[in-house]
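A.B. asks: Pasted the sequence and its predicted model underneath.
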Amino acid sequence: MPSQEDIVLSLVQGEGGKEWASHRVGWKATATEPVCIWDGIECDQNDQKTIVSVSLPSSDLSTTIPSELGQLSNLQTLNLRENIIWGFIPKEVAALAELDTFDVAQNRLTGSIPRFSSSVLRKFDTSRNMLTGSLPNDVGMSHQKLTLYDVMYNSLTGTLPASFKEMRNLVTLSLSENGFSGTIPPNLGDLRQLKYLYLDNNNLVGNIPPNLARPDDPNAKGSSMLSELWLHENMLSGTVPAALADLDKLVNLYIDGNKFTGTIPSALCHPTLNADFFEGVPDDTDRNYCDSVACPANTAAFEGVFPCAKCESSYYNPYLGRTGECINLNQRIILDKIFKSTSQAGPWKDVSNWDDEDTFLCDFSGVTCDSNSNVIRIELKGRGLKGTVPEEIGFLSFLEVLDLSDNHLSGFLPSDLRWAPLRHLDVSGNRMKAIVPPMLCLKGGVNGNGDNGDYNCERIACPAGTFSPTGRESNSGEFCMPCMDNNAKVLGMKACEALAIAKPVDAHGKERGISVSGLVGLTVSVVVFFIAATFFVALRMNKRRHHEEVPQDEMVEDSHKLRRNPNAVSSLPYDDDEDDDHVEHRRGRASLRGSSYREHVNMPPPPDPLYAGTFPEGEESNSVGSGGSQSNGSYGSEEDLALGQPLQGGVTPPPKAWQHSARIAAGRKDGASWASGQEASKEVWLDVPKIE
């Protein structure tokens, strides 16, 4: 067993490490000082010899985290933040049972976050590194004493663990600036100590869970401490719940850059919410406090909030808090964006004239128009498309058929497709990940979705980890069947990936066919697969029969429930001497390290599949989910859409564009009780639990 001195000296690596050590007390093999008085070392106060803390923040230390540190079995604090630490987080360090604080923020660490063993862990910060992979599903169960969990500004993917709800002492949960997908976990509202929730700049879909403002736990009702809620720059949809006004300590609510529709509930339009947006604005300026939450539909803004500018003619925006420009509805412009977004591998297969400026758009290969030159069909099956599907494709207001199957498309399926009057949608045989957007699952008419009240995500595409011959469920009896391959993580698969089976080789190293063990494994796999498939089909058919027996009046009530949803689902540094309740959180989005208002970082798509759930009921969910009438604006006149018309800018600039001051909250709302108001009846809740 090496000495404690030898263990901590493993941090001193190379000539740079020797130079670093030369300026510090101890940290040399020849040091005469006891290790307990070395710079950054603390020992147990009782025995004065057992190391319990290694704290070297902002010390210009250039090294890796040595696995030898895992031999300090009594180590409680490891703080190496703001240095030049590279390499992986060793599993030996993660296995330390007494660890209270693990802080390696703002370094150059790579690899995944290992599963930590300490049940007494209170502060965990790996923010601003280059970590990849997903979070352990049981992270909440394993660390119920955590007060701070910060992994912002990495390249993490996958879904958000539902076990976060077990962290009953959590004050700050910061997951910003990653590639997380799926939905926001339910029951976060039950965390009575949670003050700061940062989920911005990810790929989250679905609605804001109702529980966030109105906890399911009766012991948590009326006691929310939530002060900052950052949800901006995701792909969230539905309406903004008026119940958020019940969060009487809420100071900052950022929801811009999503796919929310409707209006901002009036109970949220209050001078003390996002008050910093009006700092520096003259008193005689007309103020609409709803605009400090998000700009209304058919407007846009640089940051999606005040000052808001109206969309010009031939431009449109159905969403709240639109950042940048409104959407150009000119068909030629939209087709050009489709071509550029799907040509990352070069020209498409076969004849492609989409980039020919002299070709009329209705003569583009794979495009069909009606008698009025409106695009009604786009059929590009097996054309070698590579890239992503742009959001603008959903704003082809006459598009009925979209076939992008058997290509190399990746990224996410845009929820904007709900706006097009689609009857047929085929995105099978690609490499798209995450889940079918919940609002698209509620769209009636596409691929028979909604027939007999059956709204089903699998009518759009089979969820990750399943397959069917057409890549989706159909009325002809094709169901999405589970794959046995754990690496099958894309939407709309038509077949599971082939089983990898070892083959024996002859004396010359050539394969001689399948091995006995491989044959046995294949046989067992096939038998298990068909048993699972038979059970799955029987279960689905039983559900279908049960659904057909439901009385008509009951069917109407449940018309928006889905049998299955493939549910998948910035943060602040602290100092050791800071109290958990006094962390400096109230900084502006622009001034915060890792702020969302820097140049956006494109994160890799998530690998994890998500599973079942249900969807909301109510009249508003019907109008939104079905892609029917749009009360927030119109696509414009036929003259606006005339081909070849000169296009102006997407928005009309406001009379004055005020410089936004740093978003620093103006203090806590005193003694005010925000009523939910009548808007609560307009909410569309989406409760999509994750199945572990």
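C.D. replies: Looks like it arrived, so ask away. Numbers count the residues shown, from 1 in each chain.

A.B. asks: For residue 300, identify the helix or strand it belongs to.
C.D. replies: Assigned by DSSP states H and E, residue 300 belongs to strand 299-300.

A.B. asks: Partner strands of that strand and their direction?
C.D. replies: In the sheet, strand 299-300 lines up against strand 309-310 (antiparallel) (DSSP bridges).

A.B. asks: follow-up on the earlier one: what lies in contact with the strand holding residue 300?
C.D. replies: Residues outside strand 299-300 that contact it (C-beta atoms under 8 Å, 6 or more residues apart in numbering): 308-311, 317, 322-326, 650-651. For glycine as for every other residue, the C-beta is placed from the backbone atoms N, C-alpha and C.

A.B. asks: Correct me if wrong: residue 295 contacts residue 303.
C.D. replies: No - with contacts counted by C-beta atoms under 8 Å, residue 295 stays clear of residue 303, the gap being 9.1 Å.

A.B. asks: So for those two, which sits in the more crowded spot?
C.D. replies: Each of residue 295 and residue 303 has its neighbours counted (other C-beta atoms under 10 Å); residue 295 has more, 29 against 22.

A.B. asks: circling back to that earlier point, who touches both of residue 295 and residue 303?
C.D. replies: Common contacts of residue 295 and residue 303, defined by C-beta under 8 Å, 6+ apart, comprise residue 256.

A.B. asks: Buried subset of the contacts of strand 299-300, written for ChimeraX?
C.D. replies: Buried residues among the contacts of strand 299-300 (16 or more other C-beta atoms under 10 Å), as a ChimeraX selection:
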select :308,309,310,311,317,322,323,325,326,650,651
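
A.B. asks: Can you report how many residues lie near residue 10?
C.D. replies: 17.

A.B. asks: quick one: it from residue 144, how far?
C.D. replies: Distance, residue 10 to residue 144, by C-beta to C-beta, to the nearest Å: 32 Å.

A.B. asks: just residue 21 next, same as before
C.D. replies: For residue 21, the distance to residue 144 (C-beta to C-beta) stands at 38 Å.

A.B. asks: swap in residue 241?
C.D. replies: As defined by C-beta to C-beta, residue 241 lies at a distance of 28 Å from residue 144.

A.B. asks: just residue 239 next, same as before
C.D. replies: Separation of residue 239 from residue 144 (C-beta to C-beta) stands at 34 Å.

A.B. asks: Show me which of the two is the more surrounded one.
C.D. replies: Neighbour count, other C-beta under 10 Å: between residue 239 and residue 144, residue 239 has more, with 24 against 15.

A.B. asks: mind checking pLDDT for the residue lying closest to the more buried one once chain neighbours are set aside?
C.D. replies: Closest residue to residue 239 apart from its sequence neighbours, by C-beta to C-beta, 6 or more residues apart in numbering: residue 262 at 4.1 Å. pLDDT, residue 262: 95.

A.B. asks: In this structure residue 262 contacts residue 237, no?
C.D. replies: No - using C-beta under 8 Å, residue 262 makes no contact with residue 237, being 10.5 Å away.

A.B. asks: Give me the more crowded residue out of these two.
C.D. replies: The residue with more neighbours, out of residue 262 and residue 237, is residue 237; 26 against 22, by other C-beta under 10 Å.

A.B. asks: just checking, the more buried one touches residue 441?
C.D. replies: No - the pair residue 237 / residue 441 is not scored as a contact, 10.7 Å apart, by C-beta under 8 Å.

A.B. asks: In contact with residue 364, which residues?
C.D. replies: The contact partners of residue 364, by C-beta under 8 Å, 6+ apart, come to 335, 353-354.

A.B. asks: Next one: it from residue 379, what distance?
C.D. replies: Applying C-beta to C-beta, the value for residue 364 to residue 379 is 11 Å.

A.B. asks: One more: residue 262?
C.D. replies: Distance, residue 262 to residue 379, using C-beta to C-beta: 34 Å.

A.B. asks: what stretches of the stretch 1-150 of the chain score poorly on pLDDT?
C.D. replies: Residues of the stretch 1-150 of the chain meeting the criterion pLDDT under 70: none.

A.B. asks: Now do the strands in it.
C.D. replies: With strands called from DSSP state E, counting those that start in this stretch, the stretch 1-150 of the chain shows them at 41-43, 51-55, 62-64, 77-79, 84-87, 101-103, 108-109, 123-125, 148-150.

A.B. asks: Would you format these as CSV with mean neighbour count and distance to residue 458 included?
C.D. replies: As requested, the strands of the stretch 1-150 of the chain are arranged in CSV below (neighbours: other C-beta atoms under 10 Å; distance: least, C-beta to C-beta, whole Å):
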stretch, mean neighbour count, distance to residue 458
strand 41-43, 19, 57
strand 51-55, 19, 52
strand 62-64, 18, 46
strand 77-79, 20, 46
strand 84-87, 16, 43
strand 101-103, 22, 41
strand 108-109, 18, 39
strand 123-125, 23, 37
strand 148-150, 24, 34
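
A.B. asks: now for these, which one comes closest to residue 177?
C.D. replies: strand 148-150 (11.1 Å; C-beta to C-beta).

A.B. asks: and the closest one, what other elements does it pack with?
C.D. replies: On a contact count with 3 or more C-beta pairs under 8 Å, 6 or more residues apart in numbering; DSSP states H and E, strand 148-150 meets strand 123-125, strand 172-174.

A.B. asks: Give me the sheet partners of it and which way each runs.
C.D. replies: Using DSSP bridges, strand 148-150 pairs in its sheet with strand 123-125 (parallel), strand 172-174 (parallel).

A.B. asks: Dump those to JSON lines, plus distance to residue 473.
C.D. replies: JSON lines is the format used below for the strands paired with strand 148-150 (distance: least, C-beta to C-beta, whole Å):
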{"stretch": "strand 123-125", "distance to residue 473": "41"}
{"stretch": "strand 172-174", "distance to residue 473": "36"}
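
A.B. asks: name the element residue 337 belongs to?
C.D. replies: helix 331-341.

A.B. asks: buried set for the following helix or strand past that helix?
C.D. replies: Next along the chain after helix 331-341, taking DSSP H and E as the criterion, comes strand 367-369. Going by neighbour count (16+ other C-beta under 10 Å), the buried part of strand 367-369 is 367, 369.

A.B. asks: Could you list the residues in contact with strand 367-369?
C.D. replies: 335, 361-362, 375-379, 401.

A.B. asks: now these in a markdown table, with neighbour count, pLDDT and distance to residue 273?
C.D. replies: Shown next, in a markdown table, are the contacts of strand 367-369 (neighbours: other C-beta atoms under 10 Å; pLDDT from 0 to 100; distance: C-beta to C-beta, whole Å):
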| residue | neighbour count | pLDDT | distance to residue 273 |
| --- | --- | --- | --- |
| 335 | 19 | 96 | 41 |
| 361 | 18 | 95 | 45 |
| 362 | 15 | 96 | 49 |
| 375 | 22 | 97 | 42 |
| 376 | 17 | 97 | 44 |
| 377 | 17 | 97 | 46 |
| 378 | 19 | 97 | 43 |
| 379 | 16 | 97 | 48 |
| 401 | 14 | 97 | 44 |
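
A.B. asks: so residue 406 is in which element?
C.D. replies: Judged by DSSP H and E, residue 406 forms part of no helix or strand.

A.B. asks: Give me the below-cutoff pLDDT ranges for this protein.
C.D. replies: Applying pLDDT under 70 to the chain flags residues 215-223, 283-285, 485-488, 497-692.

A.B. asks: repeat that with 80
C.D. replies: Applying pLDDT under 80 to the chain picks out residues 1, 210, 213-223, 277-287, 351, 485-489, 497-692.

A.B. asks: now the helices for it?
C.D. replies: Ranges of helices in the chain, per DSSP state H, are 4-9, 14-21, 91-94, 139-142, 331-341, 438-441, 516-548, 552-557, 619-625.

A.B. asks: could I get the fifth one in PDB with only the CA atoms?
C.D. replies: Okay, so that is helix 331-341. Extracted as PDB, the C-alpha positions of helix 331-341 are listed here (Å, rounded to 0.1, in the frame of the first residue of the first chain):
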ATOM      1  CA  GLN A 331     -42.200  27.700 -51.600                       C
ATOM      2  CA  ARG A 332     -39.000  28.100 -53.600                       C
ATOM      3  CA  ILE A 333     -37.100  29.300 -50.600                       C
ATOM      4  CA  ILE A 334     -38.400  26.400 -48.500                       C
ATOM      5  CA  LEU A 335     -37.400  23.800 -51.200                       C
ATOM      6  CA  ASP A 336     -34.000  25.400 -51.400                       C
ATOM      7  CA  LYS A 337     -33.500  24.900 -47.600                       C
ATOM      8  CA  ILE A 338     -34.600  21.300 -47.900                       C
ATOM      9  CA  PHE A 339     -32.000  20.700 -50.700                       C
ATOM     10  CA  LYS A 340     -29.200  22.400 -48.800                       C
ATOM     11  CA  SER A 341     -30.000  20.600 -45.500                       C
END
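
A.B. asks: Fine by me, we can end here.
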